[in-house]
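>>> I would like to see how this sequence folds:
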Amino acid sequence: MSYTALYRKWRPTSFEEVRGQDHIVKTLKNQINSGRIGHAYLFCGTRGTGKTSIAKIFARAVNCEHPVDGSPCGECSMCRQIAEGASLNVVEIDAASNNGVENIRDIREQVQYPPTDGRYRVYIIDEVHMLSIGAFNALLKTLEEPPSYVIFILATTEVHKIPITILSRCQRYDFKRISIDTIAGRLAELTQAEQIDVDDRALRYVARAADGSMRDALSLLDQCVAFHFGEKLTYDNVLEVLGAVDNRVFSKLFQAVLASDTKACIREIEEMIIQGRDLSQLVNDFVWYMRNLLIAKTTDEPGDMLDMSEENLAVLKEEAAGVDTETLMRYIRIFSELSGQLRYASQKRILVEIAFIKLTTPSMEQNLDSILQRITLLEQKMQEMPDNLQKLASLAPAAGQAASSKTAVVETPPEPKTVSLPPAQYEDLMLMRKEWGRIASLSQLVGSIRLSLPKTSVEPAGEGCLCIVCTDENTFGIINREPELKNLQEVVQEKYKKTLQFKVRLESSAVPQRTVYVSDEDLKNAIHTDVIVEEDDSV
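A predicted model of the protein is given here:
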């Protein structure tokens, strides 16, 4: 007898065998028990969560001669015929290969005839989102008003591709991803029934690698058992078959990243490649490992959320204490982006090495996350400075004793060079005039001049000179004093790095100035000068 894969052999045959979809099972059983059966159902959700299995169980239950609490009995003639695929009442269609209008027209012709035996004709259309637009339109009328003996069950993994007109005519049921505990429990039941010797830790890793899919978990388990047939299936065996990496490797990689040891990271990656590990799986598992670190660092009771022993949890907490939350989140973002890039990459090793170089040398990047990490590293080095200073202080007496035995040579420090500032040009004076309000409020100004300057204005008064215009005599008397003007001059020269002088006058003594506007043409004519070059005949 030929071998049957585990996921086919252990496909659920009753509602009681379905795992992880209790909300859907309860609803369908209540409908069968009460006789309130709908005419169209839409089962949507990720792969391997039981959509087709529940559809087949439902088809048998509605035609079962002796249903037991809403589930098929499995013993009557109808249940046996449907289970063997010999019944004409249950038609399963793959929409991926039968997606044309003609296929839907065939269904419309078939539904005109009532079932020869049983109560319902059930049409299970798998991957219904693959139907063409014309096929959807041809299905609309039949789906809206089918005969009383017809039930449509549509199954899809991409519900967003189905037209809203189809969705509105169906009862929608969303299938959830199955939890790790549920998958691991089901795998334990099957391995016991199949007399397969396997570690619980290995089963939990297979359940986690399945990503919520019971079918994927059974396929992975089948693969691992075939590779180590006749042996006990251990955690290391599963890692070897799936190309995965142990947590100890992730711990070494993470410690190398924290120590900015790029060479150690590259060497560890090379070792994984030599062992035949899958780099995509390595990246995904490393993201999962850092996710566990983040949970251990940010939650009070991480044991309730992390699937690991107390010893491993203690090690995880110790590692999480050595890194701040922002840096850890940056690591997760970088490797999450890398996981998507590796799917279509031809040089996976190079991309993985670049990602680790980004982690170990944040100075290579100019984004906000890397800058924050560099600041954190600087703060850590500054915290280590007092210890280094204490060591230097302990060495200072010995150095002093050694120096006392020699003639000390005292070098006279060079005198500081005075830097002469350039004089303020007209543009500088106009800038100071524009910013006079800010100058008047500078904190470097002392005394009463700070209170009087906001009442004044300035105007250029020749080369390198500003004239302060006062509105009243009191302000004029306060500002027009040598200490105040000297203080103002020093402050302005320090701010603008230009030398200038100040004059003070009352607004009443201002001399009116007449503005003469000259056009560009007149200006050109005014500066135009004829130049006559005379040739010397003697040369």
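>>> mind listing residues that contact stretch 336-346?
279-280, 283-284, 287, 348, 351-352, 355 (C-beta atoms under 8 Å, 6 or more residues apart in numbering). C-beta coordinates here come from the backbone N, C-alpha and C atoms, glycine included.
>>> got a winner among these for most neighbours?
Ranked by neighbour count (other C-beta atoms under 10 Å), those have Val352 at the top, with 25 neighbours.
>>> residue contacts, that one?
Here Val352 is in contact with 269, 279, 282-283, 338, 342 (C-beta under 8 Å, 6+ apart).
>>> cool, and Thr156?
42-44, 127-129, 162.
>>> just the pLDDT for it.
Looking at Thr156, its pLDDT stands at 93.
>>> Ile180 too?
87.
>>> and for it, the neighbour number?
Ile180 is flanked by 20 other residues according to other C-beta under 10 Å.
>>> repeat that for Glu473.
Around Glu473 there are 11 residues (other C-beta under 10 Å).
>>> hmm, Glu507 and it touching each other?
No: in this structure Glu473 lies outside contact range of Glu507 using C-beta atoms under 8 Å: 10.5 Å.
>>> common neighbours of the two, please.
Joint contacts of Glu473 and Glu507 (C-beta under 8 Å, 6+ apart) do not exist.
>>> residues in contact with the closest residue to Glu16 other than its chain neighbours?
Of all residues beyond its chain neighbours, the one nearest Glu16 is Ser71 (6.3 Å), with distances taken as C-beta to C-beta, 6 or more residues apart in numbering. Counting by C-beta under 8 Å, 6+ apart, Ser71 makes contact with 14-16, 29, 57, 61.
>>> can you give me the strands for the protein?
Along the chain, counting by DSSP state E, strands occupy 40-45, 90-94, 121-126, 150-156, 171-175, 457-460, 465-470, 501-506.
>>> dump those into CSV; add distance to Thr325 as well.
Formatted as CSV, the strands of the chain follow (distance: least, C-beta to C-beta, whole Å):
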stretch, distance to Thr325
strand 40-45, 33
strand 90-94, 48
strand 121-126, 45
strand 150-156, 39
strand 171-175, 33
strand 457-460, 53
strand 465-470, 54
strand 501-506, 55
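>>> what residues go with each domain of this protein?
Using the TED database, the domain parsing of the chain gives 4-172, 178-240, 245-358, 424-504.
>>> chain neighbours aside, what residue packs nearest to Leu233?
Closest to Leu233 by C-beta to C-beta, 6+ apart is Val198, at 4.0 Å.
>>> quick check: that neighbour touching Lys232?
Yes: with contact defined as C-beta under 8 Å, Val198 counts as touching Lys232 (7.0 Å).
>>> who's more crowded, the two?
Per other C-beta under 10 Å, whichever of Val198 and Lys232 has more neighbours is Val198, with 23 against 11.
>>> so who does the more buried one touch?
By C-beta under 8 Å, 6+ apart, the contact set of Val198 is 191, 225, 232-234.
>>> which one of these is nearest to Thr327?
Thr234 (34.9 Å; C-beta to C-beta).
>>> let me see the contact set for the residue nearest to the closest one when sequence neighbours are not counted.
Nearest residue to Thr234, sequence neighbours excluded (C-beta to C-beta, 6+ apart): Asp199, at 5.2 Å. Taking C-beta under 8 Å, 6+ apart, we find Asp199 in contact with 232-235.
>>> out of those residues, which are inside helices?
Judged by DSSP state H, the subset of the contacts of Asp199 located in helices is Tyr235.
>>> tell me how far Phe476 lies from Leu506.
Going from Phe476 to Leu506 by C-beta to C-beta, to the nearest Å gives 5 Å.
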